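Student: Okay, predicted coordinates and the sequence, questions at the end:
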Amino acid sequence: MLEKVVVDLASLNIVSISPMLIAIIGALAILCIDLVTKNLNKSFYTILTILFILVDLGAVIGYKGEVRGFFDVMLIDGISILSQSIILIASALFIPLALSTKRFHEFTYPEFFALFLFMISGFQFMISTDNLILIFVGLETASLSLYTLIALHNRMKSFEAAIKYFTMGAFAAGFYSFGCMILYALTGSVELNGIFSVLSERQFEPMILVLTALIFLIGAFGFKLSIVPFHTWTPDVYEGSSAALAGYMSIVPKVAGFVVIMRIFEFFVASGIVWLEYVLYAFVVITMTLANILALVQEDVKRMLAFSSISHAGFVLAGILIGTTQSNSALFIYWIMFLFTNLGAFTMLWVSRHKNAIFHNRFDHPYTKFAGMIKIMPVGAVIMGVFMLSLAGVPPFSLFWGKMYMLSSAVNAGYIGLALIMALNSAIAAYYYLKLIVYMFLKEPVENDHTIYIKNASNPLKTIIGFSAIVTIFSIFIMNPLIEIATKYVEISGF
Amino acid sequence: MEQILTILVFFPAIAGMLGFIVKSDSIKVYGITVTLVEFMLSLWLWLSFDSSVAGMQFEHFFPIISNYGINYHVGVDGISLFLVILTTFMTFIAIVGLSEERALKNLILSILFLEMTMVAVFVILDAVIFYLFWELSLVPMLYIIGAWGASLRIYAAVKFFLYTFTGSLIMLIGILFMGYIYHEATGVWSFSLLDWHMLVLPFNMQLWLFVAFFLGFAIKVPMFPFHTWLPYAHGQAPTIGSVILAAVLLKMGTYGFVRFSLPLFPDASVYFVMPIAILSLIMIIYTAMVAYAQEDMKQVIAYSSVSHMGVIVLGTFALNVEGIGGSIFLMISHGIVSGALFMLVGVIYDRRHTKYMREFGGLASVMPKYATITGIMVMASVGLPLTMGFVGEFLSLLGFYKVSPIMTILAGSSIILGAIYMLSLFKKSFFGEVVKEENKNLEDLNYKELSALVPLVLIVVWLGVYPKPVLKPIDNSVKHLVDLMEKKSVTKDAKEFIVSVNKVGEGK
């Protein structure tokens, strides 16, 4: 006979899922509006989406309720609030890229914006829980929406990208469910803290099964975070999707993935299972180095940025490996800094996007397209140069501070060797970012027509570029509050 | 004028930012005016500088990332004062003598930004902010070499950037580690150099931190075997790029030794005296020989630069007042002399579009003024007494004599070797018959070139005859530095070494 389940509305703490509900309601609202009136302009949907995201952000930041909610499934702790805010701010900054002057297929569908909001709610669920099943649900909601968003770009390459991403994502999902299954079989719990307490009671025996489960989980998140050797989809997917979406993909899904990894792995890293440290160490080093070397030989700026974002993911993974409060807050600071730089860089690519490939029969943004840009469009070249220098880690631009804080956390935790490897990798990476600068500043222009770089530019897009450039240049002044906030939130969540 | 250092740092940058508005036909005069004002400001700094004080003056403090101990903190002492003046002066002179026509506006604005980073490196007292400007100085230089250089310019520019960037990243780890140690020792985060001076480090830690900082500085100097980027950078850079590179950018490395390596790691400095001295000797002798083998005038001067930088490093690591003071003086004089020599090569390159010595000969009869000024600068570069080059070189070698007489004698060969390659350059280009038809009607120095070069000649002679106004403030601060090193050293050997090399000639 089943026990009677009594649910008290107060203990349900429905407020804890209100941010996600806002995103979902927003998505449904967009679909309903589309049912009633057709032919609304994309600007309407874009602004509506931004408004819902802002309300969502307000609900996240203003959240004052219990840490636990909704049958104990939700976990709104410090890192959840912090990462939700990063994701929402990133989304609010990326979605206006739809307001380009050229008409692109995907933005004519209201479904694009609805899917976008569904995706955000998926990410929010994923990072606000320690229940393996809800993580899975959130992850898949977000991923399925993202596959569709990529395919909506409606070019041959985008279909290829979407299907590649989908196949790899399906693999990852399989890996993930295998890993969870083993953990459940071992401990009888799908809650992370339940799993942890059972495992530590038993001293991680049987070790071989714990190892298998973790390998599956690393594989699953390796795909999502594009850790080498699970990275092969990344450059093709970036190439196939629009620059706007590629930029979005380089930030938001990874932030979400890293939060989940932090939740799962910090416990195991801290428990002193030696091999996990070695495995992560190897992943960090291989991901940084291999991606850097592959990025050196790319001919297309977007593919180069894809490999560079793999390398940055490896760099950030070091934060998980180090596992101190400083390294975990460095991880968030790094993503915030990365967000503004990448937003700017991908938007620069986006505004220079043409309907037809005129510079190269395959790539939209080959290096040669930017040759001599300083002579044709000095301000644009300087701004793009700033973004590249920031990615390379040249001070005082934003990503340097992320890098510095991460390196410092490595040094402070005694990982001097790792810090040296990270530093040398930054030096290798400088070469391919310089390559674009060399093309822009030191080569002669191919054709003297400045409109090629702003074919797709509209005032909102220019504003976004200017905004991210300003944040990138003056980031030194936001470091102090950032360190304070990140450390505070990470600390109260116990990482 | 408490904020004069901050004004000195940011005035060129703000002028550079606003310079985007100035139209390109007026940009050269704009550049000259801005750098002249900056130079005047630095002279004012000298006038209001109290040379009896050994410590930092005009200090200014502004918290930036106070949670992590990173603050904007500037100050100047006898060691950095003249490097600041050298920077502002040479930038001004370089723009006055500028003969470039292509994309002039971009060039001038890059130089203004470069001037900000150079001045900042010499006055910033916070390690992270120091690193910030240190790295930032690469960017305008990359653009200057890469955009206005000769045919291999892109290769040279990228090599220059990557080489120095790699070295300084390792230095960054050293900086972060110092911050960590300071935090461990005191419980607060600080990257301030003056705070770090209080810190006494165990010997082993000093050793590897010294190496981390050394890599950053040595690549910049450039020390053998990290010097290979320099001939390319000089050979390909436009005249103004070479002038600033030789006059100021290289000095950042040696300044780093004096400001960071010596006071922070006294025991490691003593420990590494011999290896560094051997590297410096190789630099001095080997690159002097390479210089003699060059056919390109600019390459001769580029290699002679490396050779002279060897003397500077040797003097620094004599670890006594004469040696360090002499090496700082030599930094100034090398800045002025090599800057002048690169400008002189630029003059002839503008007229003939070649730098090969075999293309010239007998220029003395065609261009007497040019030959005279070149002659004086060649003598100063060799280190003839009563020129500026002599004072610094003599003091540096004198300082090192107390460490090792034999090595000093070997290093003294730099004067002889320098005389050989410089005089042969002078002979090949200026003496003899005018063989080439094109050389017969060359125009002598015009007013623009004279107005850039004559002040340099005057300074070379003035400070060669009477170096005291510069030496005295340097001396005070260096004494302070040596005292600090002695107090901070933890091993007995190091203490004895520092005392012994400083014993003679103190006049006690």
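Tutor: Done, it's in. Residues are numbered from 1 along each chain as shown, chains lettered A, B, ... in the order given.
Student: rest of the way, CA atoms for contacts and neighbours
Tutor: OK.
Student: element containing the residue in the stretch 201-350 of chain A positioned nearest to chain B?
Tutor: Of all residues in the stretch 201-350 of chain A, A:Gln326 sits closest to chain B, at 11.1 Å by Cα to the nearest Cα. In this assignment (DSSP states H and E), A:Gln326 forms part of helix A:325-351.
Student: Off-centre distance for the helix or strand following that helix?
Tutor: Next in sequence after helix A:325-351, counting helices and strands by DSSP H and E, comes helix A:373-376. Per Cα atoms, centre = their mean, to the nearest Å, the displacement of helix A:373-376 from the mean C-alpha position of its chain is 32 Å.
Student: Report the inter-axis angle for the helix or strand following helix A:373-376 versus helix A:325-351.
Tutor: Helices and strands here follow DSSP H and E; after helix A:373-376, the next one along the chain is helix A:378-392. Here helix A:378-392 runs at an angle of 150 degrees relative to helix A:325-351 (axes from the mean of the first three to the mean of the last three Cα atoms, to 10 degrees).
Student: Tell me if the next helix or strand after helix A:378-392 is near chain B.
Tutor: Following helix A:378-392 in sequence order, the next helix or strand is helix A:398-412 (DSSP H and E). Yes - judged by Cα under 8 Å from any Cα of the partner chain, helix A:398-412 and chain B are in contact via A:Leu407, A:Ser408, A:Val411, A:Asn412.
Student: Get me the contact residues on the stretch 301-450 of chain B for chain A.
Tutor: On the criterion Cα under 8 Å from any Cα, chain A has no neighbours in the stretch 301-450 of chain B.
Student: So in chain B, where's the weakest helix or strand by average pLDDT?
Tutor: Scoring the helices and strands of chain B by mean pLDDT, DSSP states H and E places helix B:492-503 at the bottom, with a mean of 82.
Student: distance of the residue in the stretch 351-500 of chain B positioned nearest to chain A from B:Gln299?
Tutor: Nearest to chain A, among the residues of the stretch 351-500 of chain B, is B:His353, at 21.2 Å (Cα to the nearest Cα). Applying Cα to Cα, to the nearest Å, one obtains 15 Å for the distance of B:His353 from B:Gln299.
Student: do B:Phe191 as well
Tutor: 39 Å.
Student: Flag every residue of chain A that's near chain B.
Tutor: Counting by Cα under 8 Å from any Cα, chain A sits next to chain B at A:394-396, A:407-408, A:411-412, A:419-420, A:423-424, A:427, A:430-431, A:434, A:438, A:441-443, A:476-477, A:479-480, A:483-484.
Student: at 6 Å instead, please
Tutor: Residues of chain A lying close to chain B (Cα under 6 Å from any Cα of the partner chain) are A:Pro395, A:Pro396, A:Ser408, A:Asn412, A:Ala423, A:Ala427, A:Leu442, A:Asn480.
Student: Report the contact partners of A:Asn456.
Tutor: Contact partners of A:Asn456, counting by Cα atoms under 6 Å, 6 or more residues apart in numbering or on different chains, are A:Ser100, A:Thr101, A:Lys102, A:Val351, A:Ser352.
Student: Apply 8 Å and report the result again.
Tutor: Residues in contact with A:Asn456 (Cα atoms under 8 Å, 6 or more residues apart in numbering or on different chains) are A:Ser100, A:Thr101, A:Lys102, A:Trp350, A:Val351, A:Ser352, A:Arg353, A:His354.
Student: ok, now which ones touch the first one?
Tutor: Looking back up the chat, that one is A:Ser100. By Cα under 8 Å, 6+ apart, the neighbours of A:Ser100 are A:Val351, A:Asn456, A:Ala457, A:Ser458, A:Leu461.
Student: what's the pLDDT at the first one?
Tutor: A:Val351 carries a pLDDT value of 87.
Student: Tell me how many other residues surround it.
Tutor: A total of 24 residues lie near A:Val351 under the criterion other Cα atoms under 10 Å in any protein chain shown.
Student: Next secondary structure element downstream of the biggest strand by length in chain B?
Tutor: In terms of residue count, the longest strand belonging to chain B (DSSP state E) is strand B:57-65. Using DSSP H and E, the next helix or strand after strand B:57-65 towards the C-terminus is strand B:70-76.
Student: Just list what that next one packs against, helices and strands only.
Tutor: On a contact count with 3 or more Cα pairs under 8 Å, 6 or more residues apart in numbering or on different chains; DSSP states H and E, strand B:70-76 meets helix B:4-18, strand B:57-65, helix B:104-123, helix B:127-136.
Student: Please name the residues that touch the spatially closest residue to A:Asp236 that is not a sequence neighbour.
Tutor: Distances taken as Cα to Cα, 6 or more residues apart in numbering or on different chains place A:Ala161 nearest to A:Asp236, at 6.0 Å, with adjacent residues excluded. A:Ala161 makes contact with A:Ile150, A:Ala151, A:Trp233, A:Asp236, A:Val237, A:Tyr238, A:Glu239, A:Gly240, A:Ser241 under the criterion Cα under 8 Å, 6+ apart.
Student: need those residues in CSV with neighbour count and pLDDT, can you?
Tutor: CSV is the format used below for the contacts of A:Ala161 (neighbours: other Cα atoms under 10 Å in any protein chain shown; pLDDT from 0 to 100):
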residue, neighbour count, pLDDT
A:Ile150, 27, 89
A:Ala151, 21, 88
A:Trp233, 20, 89
A:Asp236, 19, 89
A:Val237, 25, 90
A:Tyr238, 27, 89
A:Glu239, 25, 88
A:Gly240, 27, 86
A:Ser241, 26, 88
